[in-house]
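**Q** I would like the atomic coordinates for the input below:
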Amino acid sequence: MIEARELTKRYGDKTVVDELSFAVKPGEVTGFLGPNGAGKSTTMRMVVGLDSPTRGSVTVNGKSYAKHTAPLHEIGTLLEAKSVHPGRSAFSHLMALAYTHGIPRRRVDEVIDLAGLTSVAGKRVGAFSLGMGQRLGIAAALLGDPAIVMLDEPVNGLDPEGVLWVRNLLRSLADEGRAVMLSSHLMSETALIADHLVIIGRGRLLADTTVDDFTREANGGGVKVATAETARLRPLLAGPDVTISSSSAEELLVSGRDARQIGRIAAEHGVALYELTPQTVSLEAAFMDLTRDVVEYQSHPAETERKAA
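**A** Numbers count the residues shown, from 1 in each chain. Here you go, the predicted structure:
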């Protein structure tokens with residue numbers, strides 16, 4: 001488990017991480033999200049002692065990272081896939097890590113096979129593609145068979161087969177009871193992998209919730225109902241906490257009742273329904289809406305028309 005309590009990091013007068021508290025729990029994949037410049041990388045570096053907090057604390061399985069005698073057995077990380085000596089082979093890089101933690105060679109062979117690197121294990125890392133470098137970084141993160149895995153952009157540079165491999169790997173690690181922390185800019189992939197979300201902006205916590213709750217709340221939980229009898233159905237669905245709007249003569253958007261309730265009421269009164277669809281928004285759309293005011297680097301639509309000369 002990773003637990004941050006009022007974690008704060010300042011560089012001079014700039015606060016990069018601001019009183020951030022969250023937990024990454026066993027048995028879950030936690031998506032750690034935020035716009036560029038939100039403080040994600042700094043937070044992950046503080047988890048593994050590469051940066052020291054200005055204030056607050058972060059623990060790995062109940063201790064600060066530096067107090068673990070064999071940290072690779074506690075947490076495996078991928079923060080920068082290319083931080084490997086380019087002259088070393090994949091095998092020698094992993095063996096060097098293994099020696100420092102008393103990890104046997106058979107475990108090196110296991111993670112090489114798991115990461116699909118067997119055919120290139122003796123190849124110099126400097127000649128690796130981006131995707132191969134990512135696979136090596138993930139193999140290194142798993143080397144100590146850790147209880148926690150923390151990965152920054154793990155699918156960067158991977159082909160579709162590699163992306164699917166990472167997705168299935170992280171799911172299986174969580175299902176084994178490990179705590180998995182995933183930082184990614186690929187919202188569609190995060191939506192498929194993550195159980196829980198921790199979203200930050202400008203170093204502060206914006207959301208700490210499940211994926212389902214986050215997207216549902218972003219949409220308001222509306223249900224689209226299509227029927228030829230909207231005028232008859234509307235008063236039947238009305239209630240003190242129910243909001244009903246209409247986008248066309250045969251459609252209603254109902255908030256405050258779920259699809260099951262709407263279907264039951266319609267059936268009891270003999271109202272035929274052509275469509276009954278809970279309205280959801282994508283994780284990407286919900287994320288963009290939440291972080292709109294905390295994006296440090298704003299893009300603007302390209303100008304499509306030239307001014308007359």
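**Q** For the stretch 51-200 of the chain, just list every one of the helices.
**A** 90-101, 105-114, 130-142, 160-175, 187-193 (DSSP state H, counting those that start in this stretch).
**Q** any idea of the pLDDT on the residue nearest to L158 when sequence neighbours are not counted?
**A** In this structure, L158 finds its nearest non-sequential neighbour in G131, 4.7 Å apart by CB to CB, 6 or more residues apart in numbering. Quick note: C-beta positions are derived from backbone N, CA and C, even for glycine. G131 is assigned 92 on the pLDDT scale.
**Q** so who does G131 touch?
**A** 157-159, 162 (CB atoms under 8 Å, 6 or more residues apart in numbering).
**Q** One more pass at 6 Å, please.
**A** 157-158, 162 (CB atoms under 6 Å, 6 or more residues apart in numbering).
**Q** so how far is D109 from it?
**A** Here G131 is placed at a distance of 21 Å from D109 (CB to CB, to the nearest Å).
**Q** ok so, going back, would you mind finding the most buried of the helices of the stretch 51-200 of the chain?
**A** helix 130-142 (a mean of 22; mean count of other CB atoms under 10 Å).
**Q** Might you quantify the distance of that helix from its chain's geometric centre?
**A** Taking CA atoms, centre = their mean, to the nearest Å, one finds the center of helix 130-142 at 18 Å from the center of the full chain.
**Q** got the CA coordinates for it in PDB?
**A** Output of helix 130-142 as PDB, limited to C-alpha atoms (Å, rounded to 0.1, in the frame of the first residue of the first chain):
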ATOM      1  CA  LEU A 130      10.900   2.600 -27.300                       C
ATOM      2  CA  GLY A 131       8.500  -0.400 -26.900                       C
ATOM      3  CA  MET A 132      11.300  -2.800 -26.100                       C
ATOM      4  CA  GLY A 133      12.600  -0.300 -23.600                       C
ATOM      5  CA  GLN A 134       9.200  -0.200 -21.900                       C
ATOM      6  CA  ARG A 135       9.100  -4.000 -21.700                       C
ATOM      7  CA  LEU A 136      12.500  -4.000 -20.100                       C
ATOM      8  CA  GLY A 137      11.400  -1.300 -17.600                       C
ATOM      9  CA  ILE A 138       8.300  -3.400 -16.700                       C
ATOM     10  CA  ALA A 139      10.500  -6.500 -16.300                       C
ATOM     11  CA  ALA A 140      12.700  -4.600 -13.900                       C
ATOM     12  CA  ALA A 141       9.700  -3.400 -11.900                       C
ATOM     13  CA  LEU A 142       8.500  -7.000 -11.500                       C
END
